[in-house]
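Engineer: Test case, fold it:
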Amino acid sequence: MDLIRPPMGWNSFGCYGVNVNENQVRANADFMAENLKDFGWEYIIIDADWYSYTSIPEPGKNIYVPFNRMEIDEYARPFPCLPKFPSSGQGVGFSPLASYIHGLGLKFGITMMRGIPRVAAHSHSKLWNTEVTANQIANPFSISKWNPDMYGVDVTKEGAQEYYDSLFELYAEWGVDFVKVDDICGLETEEERAEAEMIRRAMDKCSRDMILSFSPGPADIEACDFYRENSEMWRVAAQIEDNWDQLRDMFDVCKTWMGKPSDEGFPDYSDLPVGLIGIGFGNEHRTRLTIEEEKSMIALWSICRAPLMIGSEMNKLDQETIQLLTNLQVLRLTEVSTGAREAYRDTDVIVWRAKDRYDEAEYVAMFNISSASTPICPKPFISKKDGLAIELWKGQEINIRSTEEIPGHGCLLIRVE
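Structural biologist: Next comes the predicted model:
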């Protein structure tokens with residue numbers, strides 16, 4: 001599926017972990033529809049363990065509760081946990097919630113774990129429309145390192161493809177538009193590649209168009225063509241937390257993946273830890289990123305054409321962050337930027353440049369990676385107007401040869417005609 005721009009939306013994990021509920025999802029969807037939809041934000045994605053009767057673990061412990069009770073149907077397919085998602089009863093699953101989100105003019109997504117529920121394998125659940133049982137396709141030697149809910153699927157066994165087919169047809173019936181598949185992106189073995197291909201086939205065969213996202217990172221740069229053939233986005237780094245050191249490291253990740261974004265697929269640099277986060281982790285707080293750091297993150301993701309996924313409680317976004325998330329001139333880069341590359345680097349400054357795919361304009365992002373303010377350096381810039389350019393954050397013309405300075409960890413993002 002060719003995309004004009006990478007997906008833009010909200011993912012529940014950064015704020016709620018594995019404990020998001022229906023009221024919270026609806027409230028965030030309401031906010032997006034009212035405040036962000038007109039600026040390109042459209043996906044509402046429920047992340048991990050929506051099928052699990054999860055309780056919040058002790059602080060500092062793994063957020064996944066090993067061998068916790070989970071909701072599945074008679075055919076080994078996970079269903080929403082009823083206490084978390086009350087509208088999902090009587091076998092309707094996520095259909096009512098998806099309908100509500102679609103009614104707001106938005107799109108609905110979920111995260112699934114690679115594999116088949118271990119409890120279904122142990123109880124020998126029959127698979128949909130086959131004579132095969134879950135234990136016959138389960139691979140007990142293939143288990144996620146952080147979430148033990150699933151066994152991997154043995155791709156050599158009869159019924160394996162049919163199981164994934166039944167999952168995606170169920171998701172299509174629910175009205176799912178986006179599926180993030182977790183514990184798949186590493187591609188450490190040929191079996192994992194084969195399982196990823198099997199998942200893609202299942203999605204392509206189902207009765208609804210969907211976006212497929214592979215997670216977690218880091219993805220293998222050597223497998224870029226494989227990711228592009230089998231997904232629309234793939235995680236190239238671990239989920240970044242709200243601190244400058246991890247954000248600073250993303251400049252190296254983006255450099256590694258230069259030239260790889262295309263209309264057929266996008267490297268995914270992690271959700272945006274902006275606003276209020278950590279509620280589901282027992283650590284509710286406003287992001288530790290400063291506004292200048294948030295600005296640098298959004299600018300880097302945008303010029304690199306990366307998916308943009310908000311990871312916060314949107315109803316409690318501060319006005320400064322909302323202004324960053326609704327800057328059309330910056331967000332437009334996710335569509336028009338082409339050939340983005342690192343053009344300059346020293347101990348204090350990193351400069352990225354890109355062309356506009358529709359005209360002759362050039363975009364230049366100058367990032368101040370030091371903690372102190374730094375003067376604008378004209379050397380990496382080109383201008384036909386003697387130093388004048390449009391600064392996209394401000395939406396006004398500036399003289400890049402002026403004495404203006406870029407704040408510590410901030411950025412200057414300009415369009416040069």
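Engineer: and the residue nearest to Glu162 when sequence neighbours are not counted, helix, strand or coil?
Structural biologist: With Cβ to Cβ, 6 or more residues apart in numbering as the criterion, Glu162 has its nearest non-adjacent residue at 5.2 Å, and that residue is Thr130. Bear in mind the C-beta positions are built from the backbone N, C-alpha and C, glycine included. Three-state assignment for Thr130 (DSSP: H, G, I helix; E, B strand; the rest coil): coil.
Engineer: my guess is Thr130 contacts Ala160, does it?
Structural biologist: No: counting by Cβ atoms under 8 Å, Thr130 does not reach Ala160; the two are 10.2 Å apart.
Engineer: higher neighbour count, those two?
Structural biologist: Using other Cβ atoms under 10 Å as the criterion, Thr130 and Ala160 rank with Ala160 on top: 23 against 16.
Engineer: For that one, which residues are in contact?
Structural biologist: 137, 153-154, 198 (Cβ atoms under 8 Å, 6 or more residues apart in numbering).
Engineer: Neighbour-wise, which one of those leads?
Structural biologist: Ile137 (27 neighbours).
Engineer: ok, now how distant is that residue from Tyr171?
Structural biologist: Here the criterion is Cβ to Cβ, to the nearest Å. By it, Ile137 lies 19 Å from Tyr171.
Engineer: Count the neighbours of Gly395 for me.
Structural biologist: 11.
Engineer: swap that for Leu392, please
Structural biologist: Leu392 has 23 nearby residues by other Cβ under 10 Å.
Engineer: thought it was touching Val330?
Structural biologist: Yes: contact criterion Cβ under 8 Å: Leu392 and Val330 qualify, at 5.1 Å.
Engineer: what's the overlap in contacts for these two?
Structural biologist: With Cβ under 8 Å, 6+ apart, Leu392 and Val330 have common neighbours Leu413.
Engineer: Which residue, other than its chain neighbours, is closest to Ile376?
Structural biologist: Per Cβ to Cβ, 6+ apart, closest to Ile376 is Ile400, 5.3 Å.
Engineer: next one: Met8
Structural biologist: In space, Met8 is closest to Leu308, 4.5 Å off (Cβ to Cβ, 6+ apart).
Engineer: What is the burial count for the closest residue to Asp318 other than its chain neighbours?
Structural biologist: Of all residues not flanking Asp318 in the chain, Gly275 sits nearest, at 6.7 Å (Cβ to Cβ, 6+ apart). Neighbour count of Gly275, defined by other Cβ under 10 Å: 24.
Engineer: Identify the residues contacting Gly275.
Structural biologist: Here Gly275 is in contact with 286-287, 310, 312-314, 316-318, 321 (Cβ under 8 Å, 6+ apart).
Engineer: do Pro96 as well
Structural biologist: 87-88.
Engineer: now swap in the one 5 residues further on and tell me
Structural biologist: For Ile101, the set of contacting residues under the criterion of Cβ under 8 Å, 6+ apart consists of 25, 29, 44, 107-108.
Engineer: Mind doing that once more with 10 Å?
Structural biologist: Residues near Ile101 by Cβ atoms under 10 Å, 6 or more residues apart in numbering: 25-26, 28-30, 32-33, 42-44, 94, 107-109, 175, 177.
Engineer: Also Val179?
Structural biologist: Contacts of Val179 by Cβ under 10 Å, 6+ apart are 45, 109-112, 167-168, 171, 199, 202-203, 206, 210-213, 231.
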